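Q: Please work out how this folds:
(one chain, ligands or ions: 1)
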Amino acid sequence: MCGIVGYVGRADGVIGGNGTGHQALDVVLEGLRRLEYRGYDSAGVAVVTAGRIESRKKSGKLTNLLAELSENPLPDALTGIGHTRWATHGGPTDSNAHPHLADGGRLALIHNGIIENFAELKTELVSAGHTFISDTDTEVAAALLGNIYRSLSEEGDLDVALPRAMQLACQRLEGAFTLLAVHADQPGVVVAARRNSPLVVGLGDGENFLGSDVSGFIDYTRRAVELGQDQIVTITPDTVDITDFHGAPAEGKEYHVDWDAAAAKKDGYPSFMEKEIHDQPDAVAQTLLGRSDLEGRLTLDEIRIDPEELKEVNKIIVLACGTSAYAGQVAKYAIEHWCRIPTEVELSHEFRYRDPIVDANTLIVSLSQSGETMDTLMAVRYAREQGAKTVAICNTNGSTIPRESDAVLYTHAGPEIAVASTKAFLAQITAAYLLGLYLAQLRGNKFQGEIKDILADLAKTPDKIQQILDNSGQIKDLARSMSESRSVLFLGRHVGFPVAMEGALKLKELAYIHAEGFAAGELKHGPIALIEEGQPVFVVVPSPRGRNSLHAKVVSNIQEVRARGAKTIVIAEEGDEAVRAYAEHVFYIPETPPLLAPLLATVPLQIFACELATAKGYDVDQPRNLAKSVTVE
Ligand code: F6R
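A: Below you'll find the predicted structure:
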């Protein structure tokens, strides 16, 4: 939530080593373009130049800020900060947009997170004579920082006044925050702080960067530094100094960003969402890559938990939110089936408030694309405090949840920019399956040959996803014809149930249509009352093959809704002719073992939601009210 960028470059013309140098505004705006998926209620920038701060900010998307900048250009500068907002305190107006100014307009501050004690601080500042012009908690933090800076700078050394003021301000702030500040007195400096909110440093040559994540500076450098909790970083063109909130020196961990900047571009697709749906064969293939040997033995080197301890695990709790939680629900079926370990899936934000039973033999598996979801982070922390072992399945290198877990299994889906998740979902299921198979291998629940066969089936999945993508014309036609629908229901059973819920979530998020996913067997216990003439109902039908197939039962469920007037749209396995008689539309997916079917059946539902939303003229990459990476509780 909220995208943050900071930049400092050197004034000697050798910036970036290419002799061209960078304008702070160019770097900051490029970063904001890439980070806009984190929030798009408003955007703003500030640059430091000629002993003063100049700032522009505008409500609405970044394009509004760009229009403002072309009407009121900013001067050349080598230091700048920028912000794209997902509103928490105060509506999305120009005055609530960041940066917020303090110290008589000489200090600018941007912020991601929530300052929980802002009301108390505001009262104190108002009594001291401060007036506020916005409704935000950020302006309170800016005023506090400005006041502290003013008294420190009057006392002495200007060079250290801003980092020191940030330390003192942070000692007074409660809640979650990333703060970036610049001051007119210190043109080549950006000072930042983080507590429970993301911030990474990008290392350049004669220039340095800050970003909410690496996409904020990926066009300029691949060298990044992770910061720990409660740390302050001061960047100049040639230095990066890290301390804790009390000024004690601290170290960050440098890593190489292996994302390709081009991977964060649309590659000729009209939207990131379409590109990311088409990235899915690769996302699954990359997540499988290098994780097993020719004999089918899984070699998950990243899982640095003693195998003997993993053998003792007697309960798994999967923690996640939204789409990631649906991936967890899919994984539960496979993990329980393969490992025979009781597995619960819990929404992270509910977990720690119910006094869960967690101990040293509990394995917590968190699923998070961003690795920054605050609800999931807090749940993982809680579980660790109770002595559980924690494994993160995550798509974002160096993010907080993996850093705070005992082990991490990265999904290699590449950057997911569209706010609604697609390729991360398939990659999460793939990674969770690898983890399940690894546990089964360790604990001897499966013969090596069986694991090898499942891995071979998984390896065939990318081509099958590609087949669905190559034949998506029919589902797109249907989507366009249904753009006036007011409500769509989705039914599934077994692993098809979370797929149905994910299909419904995609439609809600992208097309703003009421949609619900149900377990098909639950229909007769109530939801069937919703069925009336013409009600569209998607049904995810399991394969008719295999001994325990629920196929016949789901076909009965289709008949039940059809008898009551529903328009049935069926996702079925190739060759399943039995469903034709009961379906107005059938979309076939390639044959695959039942547990792997979610990796295929989800794809037509994603395409449907994306195409329908596009037909309605909506922005599928940045749906209203949403933000990627939900860093507030
Ligand atoms: C839905 C979606 C969200 C996220 C959820 C968790 O399309 O994207 O529901 O899945 O906010 O986010 P991560 O996986 O980053 O923890």
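Q: what mean pLDDT does stretch 494-502 have?
A: In this model, stretch 494-502 has a mean pLDDT of 98.
Q: ok, now stretch 171-181?
A: Stretch 171-181 comes out at a mean pLDDT of 94.
Q: can you check stretch 445-461 too?
A: 95.
Q: try stretch 36-45
A: Per-residue pLDDT values across stretch 36-45 average out to 89.
Q: Could you work out the end-to-end span of it for me?
A: End-to-end distance for stretch 36-45: 13 Å, by C-alpha to C-alpha, to the nearest Å.
Q: next one: stretch 356-376
A: With C-alpha to C-alpha as the measure, stretch 356-376 spans 15 Å from end to end.
Q: Help me see whether it makes contact with the ligand, please.
A: Yes: looking at stretch 356-376 against the ligand by C-beta under 6 Å from any ligand atom, the contacts come from 368-370, 373, 376. In short, each C-beta sits where N, CA and C put it, glycine included.
Q: chain center to that stretch: distance?
A: Here the centre of mass of C-alpha atoms in stretch 356-376, compared against the chain's by C-alpha atoms, centre = their mean, to the nearest Å, lies 15 Å away.
Q: what do you get for stretch 449-456?
A: 31 Å.
Q: Could you do stretch 149-165 as well?
A: That offset, for stretch 149-165, works out to 37 Å (C-alpha atoms, centre = their mean).
Q: Pull the contacting residues for the closest residue to the ligand within the stretch 51-200 of the chain.
A: Of all residues in the stretch 51-200 of the chain, Pro198 sits closest to the ligand, at 11.1 Å by C-beta to the nearest ligand atom. If you count contacts by C-beta atoms under 8 Å, 6 or more residues apart in numbering, Pro198 has them with 112, 178, 212-213, 372, 399-400, 629, 631.
Q: cool, and Leu288?
A: Applying C-beta under 8 Å, 6+ apart, the residues near Leu288 are 430, 434, 455, 458-459.
Q: Which of those residues sits closest to the ligand?
A: The nearest member of the contacts of Leu288 to the ligand, counting by C-beta to the nearest ligand atom, is Thr430 at 14.5 Å.
Q: roughly how far apart are the nearest residue to that closest one once chain neighbours are set aside and the ligand?
A: Computed as C-beta to C-beta, 6 or more residues apart in numbering, the closest residue to Thr430 that is not its neighbour in sequence is Thr287, at 4.4 Å. Distance of Thr287 to the ligand, given as C-beta to the nearest ligand atom, to the nearest Å: 15 Å.
Q: What separates the first and last residues of stretch 383-394, distance-wise?
A: Stretch 383-394 has an end-to-end distance of 17 Å (C-alpha to C-alpha).
Q: ugh, wrong one, I meant stretch 123-139
A: This stretch, stretch 123-139, spans 13 Å end to end (C-alpha to C-alpha).
Q: same question, stretch 443-450
A: By C-alpha to C-alpha, one end of stretch 443-450 lies 14 Å from the other end.
Q: Check the offset of it from the chain's centre.
A: Relative to its parent chain, stretch 443-450 has a centroid offset of 34 Å by C-alpha atoms, centre = their mean.
Q: what does stretch 402-419 give?
A: 9 Å.
Q: from here on, count from 8
A: All set: I'll call the first residue 8, so the last point we hit is now stretch 409-426.
Q: quick check, that stretch touching the ligand?
A: No: legend: contact between stretch 409-426 and the ligand by C-beta under 6 Å from any ligand atom is lacking; minimum distance shown is 6.5 Å.
Q: List the residues that contact Trp345.
A: 443-444, 446-447, 452-453, 461.
Q: Just the pLDDT for Gly20.
A: The model reports Gly20 with a pLDDT of 50.
Q: Check the one 10 residues further on too.
A: The predicted structure scores Gln30 at 90 on the pLDDT scale.
Q: before we move on, what about Gly26?
A: Confidence at Gly26, expressed as pLDDT, is 44.
Q: Same check on Ser377?
A: 93.
Q: was I right about it contacting Thr403?
A: Yes: Ser377 is within contact range of Thr403, at 5.5 Å (criterion: C-beta atoms under 8 Å).
Q: Up against the ligand, what does the stretch 308-457 of the chain have?
A: Contact residues, the stretch 308-457 of the chain versus the ligand (C-beta under 6 Å from any ligand atom): 328-331, 375-377, 380, 383, 427-428.
Q: quick one: which of those is nearest the ligand?
A: Taking C-beta to the nearest ligand atom as the measure, the ligand lies nearest Gly329 of these, at 1.8 Å.
Q: Contacts only, for the closest one.
A: 428, 512.
Q: quick one, phi psi at it?
A: Dihedral pair for Gly329: phi 60, psi -130, per degrees, to the nearest 10.
Q: ok, and what's touching stretch 164-171?
A: Outside stretch 164-171, the residues that touch it by C-beta under 8 Å, 6+ apart are 156, 159-160, 188, 190, 192-193, 196, 198, 239, 241, 248, 250, 254.
Q: Just the buried residues of those.
A: Buried residues within those, counting neighbours by 16 or more other C-beta atoms under 10 Å: 156, 159-160, 188, 190, 192-193, 196, 198, 239, 241, 250.
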